[in-house]
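Peer 1: Using only what follows, build the 3D model:
(2 chains, ligands or ions: 1)
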Amino acid sequence: MNPPFRDESQAPSSDKAGRIERLILPHLDAAYNLARWLARSDQDAADIVHEAFLRAVRYADSFEGGNARAWWLAIVRTTYLTWVAKTSGARSPLSLEEVMTSGDGDLPADGGRSPEELAHWSQCASMLTELVEALPAGFREIILLREMEELSYREIADLLEVPVGTVMSRLARAREMLKRAWAARQGR
Amino acid sequence: MDCRTAATLLQPCFDGELDEGTAATVRAHVAGCADCSREMAALQALREGMKRALPRYAAPQSLRDRIHASAAEPAAAPAVPAPAKRRSLPRWVAMAASLLLVASLSVGVTRSLMGPNVGATSTELLLHDLVSSHLRALAATNSVDVPSSDRHTVRPWFAGRVEVSPPALDLSSQGFELLGGRVDYVGGRRVAVLVYKHGQHVVDLYVLPDDATGAATNAGEASAPLMRQGLNLIRRRVGGLQVWAVSDLDPQEMAALGEVLARAP
Ligand SMILES: [Zn+2]
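Peer 2: Next up is the predicted model:
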């Protein structure tokens, strides 16, 4: 009971690639956003998503219908992880502690007491962005998948290939780290 | 509901993961508890803050164009210049060039091996464990517990740590440099993992007892590797043990590794 499209021996790649392109295109922004938050660089994020697309084409037969976005985001994440393994040493991610102790230069001395509400807000926003960026990758990805992509625990568990219990504890820990880091910044 | 129970259910409740009855109980507690409602407010503040503050990055048009060009003509993909020195062009060339071949190779392999036969489900669980272990190790700072390029150091280290100690495989002449070993859980057992580097790729070799899950099937024994999550997996019997290799090596390179393993003593 092979569907007809499986017989691709004559014109294999472009048909398949076109099919995968149509499949992932609605989720390209989500993929780029995830890669950008994980890799923290525009150029690297674009390269990762492009490589993920090539992988997805190679891996097309593993898609058995269902949640295309979760399938595609899982491949983007795998690509990111193998990319990190390949380029490790090129850059060491900052820890939360490092950002919190070394980030003073990025903020005005009177941080938080600006009379301009807008300026205050954008300052807070960039501070929160900075704190999320400083989370260790495992915690960063889980809180982004939950709060930005609004995936359910089950979807995140499938994507990360971990039990739901691990998702819950890691998510709770990520939130705790952010709340503490935020409080520490405000208390200064 | 007491505070301790509520505390463990607070986040699942906040994330809409509880059934309505339990959620109502949690909310009732929160309404009457200063501590828990403070915690709930903090979760809400964090969510609102992230929603409003965090930039959502949109895929640039140049990326859309690159993907479209690759989709239209896969062989054109490596023409994109690789600006940073740590990006490896040959890898891209190889990957794109192998698209045509691999696309036709992989058709049906997964299906025929992973069909509804005896042991297929337990094999899927085993593959799942292997893939997540490999990804976890890649994400960790240290993918090895005992770093060593000397197999005579790595092997004794496993004694007492795992059920079956790994064979002393020397793959250096085939370009697989031993990085070390670690212990991981696969199929509910502690197993030895030998970690190799091949070019830029990390290859994990999982050494399982021959009676382990999946041994009943011939999954992974075919010449073409299985693909999961964009990774390749291949299995060989080595000296009465089953050895699974997991990596993002090209399928051809994985198949070649399979040949080497099959010839190992
Ligand atoms: Zn309470």
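
Peer 1: just the helices in chain A please.
Peer 2: For chain A, the helices defined by DSSP state H cover A:12-24, A:28-39, A:42-58, A:68-87, A:96-102, A:117-134, A:137-147, A:153-160, A:164-186.

Peer 1: Now for the residue nearest to A:Trp72 when sequence neighbours are not counted, how many residues are close by?
Peer 2: Excluding the flanking residues, the one nearest A:Trp72 by C-beta to C-beta, 6 or more residues apart in numbering or on different chains is A:Ile24, at 4.8 Å. Using the backbone N, CA and C atoms, a C-beta is placed for each residue, glycine as well. Neighbour count for A:Ile24, taken as other C-beta atoms under 10 Å in any protein chain shown: 25.

Peer 1: distance between the ends of stretch B:170-190?
Peer 2: 23 Å (C-alpha to C-alpha, to the nearest Å).

Peer 1: Buried by neighbour count: which residues of it qualify?
Peer 2: B:171, B:176, B:178-182, B:184, B:186-187 (16 or more other C-beta atoms under 10 Å in any protein chain shown).

Peer 1: Next: stretch A:52-65.
Peer 2: By neighbour count with 16+ other C-beta under 10 Å, stretch A:52-65 contains the buried residues A:52-63.

Peer 1: wait, what's in contact with the residue nearest the centre of chain A?
Peer 2: What sits nearest the mean C-alpha location of chain A, by C-alpha atoms, centre = their mean, is A:Leu34, with 2.8 Å. Shown in contact with A:Leu34 (C-beta atoms under 8 Å, 6 or more residues apart in numbering or on different chains): A:73, A:76-77, A:80, A:141, A:144-145, A:149.

Peer 1: Point out where the stretch 101-250 of chain B drops to low pLDDT.
Peer 2: Residue ranges of the stretch 101-250 of chain B with pLDDT under 70: B:101-122, B:140-142, B:212-220, B:222-223.

Peer 1: what's the answer for chain A, then?
Peer 2: For chain A, applying pLDDT under 70 flags the ranges A:1-14, A:88-121, A:187-188.

Peer 1: Which residues of chain B lie near the ion?
Peer 2: With C-beta under 5 Å from the ion as the criterion, chain B comes near the ion at residues B:3, B:6, B:33, B:35-36.

Peer 1: Quick check: the farthest pair among the residues you listed?
Peer 2: Greatest spatial distance among the residues of chain B next to the ion (C-beta to C-beta): B:Ala6 and B:Asp35, at 9.1 Å.

Peer 1: With neighbour numbers in mind, choose between those two.
Peer 2: Using other C-beta under 10 Å, the more surrounded residue of B:Ala6 and B:Asp35 is B:Ala6, with 21 against 11.

Peer 1: circling back: nearest to chain A, of the buried residues of stretch B:170-190?
Peer 2: B:Leu179 (11.0 Å; C-beta to the nearest C-beta).

Peer 1: How much space separates whichever residue of chain A sits closest to the ion from chain B?
Peer 2: Among the residues of chain A, A:Ala172 lies closest to the ion, at 15.9 Å counting by C-beta to the ion. Note on A:Ala172: its distance to chain B, by C-beta to the nearest C-beta, to the nearest Å, is 6 Å.
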